[in-house]
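Undergrad: pasting the structure only:
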């Protein structure tokens with residue numbers, strides 16, 4: 001199945017953005033127990049869960065397997081990032097208009113989503129998200145390690 005633990009992904013820009021999403025979502029969820037609305041709590045906790053799953057699949061190199069089995073996996077991740085970025089943008093505007101302190105966490109989370117969305121969109125647009133691309137030369141070492149992002 002190719003399940004290997006690759007912590008080098010966490011040192012890349014997409015890895016740091018996804019890690020920031022999980023951490024900021026958790027911080028926002030905990031702080032949001034007192035300060036956040038239901039909409040914000042929904043955003044924070046679903047971010048922890050969904051981004052955590054995507055981060056886990058990247059760190060364990062399951063992303064390549066999932067994209068090979070389900071070609072829509074990359075589009076699903078891109079769609080998730082787009083929808084949550086939109087919800088965070090709406091929430092950030094609401095936080096500005098109502099002077100909510102939780103807006104700082106929402107702003108930081110919005111920035112991490114924008115970075116991740118930009119990186120994923122650029123990767124998707126260039127066509128490098130699919131592992132079925134036969135035009136790209138592969139070496140035995142890159143196939144064995146699952147490739148780099």
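TA: Yep, it's here. Given the structure is predicted, the values throughout are model-derived calculations rather than measurements. Numbers count the residues shown, from 1 in each chain.
Undergrad: where does residue 4 sit: helix, strand or coil?
TA: Of the three states, residue 4 takes coil under DSSP: H, G, I helix; E, B strand; the rest coil.
Undergrad: quick one, what contacts the closest residue in space to residue 108 that isn't next to it in sequence?
TA: Nearest residue to residue 108 in three dimensions, chain neighbours excluded: residue 24, at 5.4 Å (CB to CB, 6 or more residues apart in numbering). Using the backbone N, CA and C atoms, a C-beta is placed for each residue, glycine as well. By CB atoms under 8 Å, 6 or more residues apart in numbering, the contact set of residue 24 is 47, 105, 108-109, 112.
Undergrad: same thing with residue 72?
TA: Here residue 72 is in contact with no residue (CB under 8 Å, 6+ apart).
Undergrad: go on, residue 25?
TA: By CB under 8 Å, 6+ apart, the contact set of residue 25 is 43-48, 51, 109.
Undergrad: among those, which one sits closest to residue 16?
TA: The closest of the contacts of residue 25 to residue 16 turns out to be residue 51 (CB to CB; 12.4 Å).
Undergrad: isn't that closest one up against residue 18?
TA: Yes. If you go by CB atoms under 8 Å, residue 51 and residue 18 touch, sitting 5.8 Å apart.
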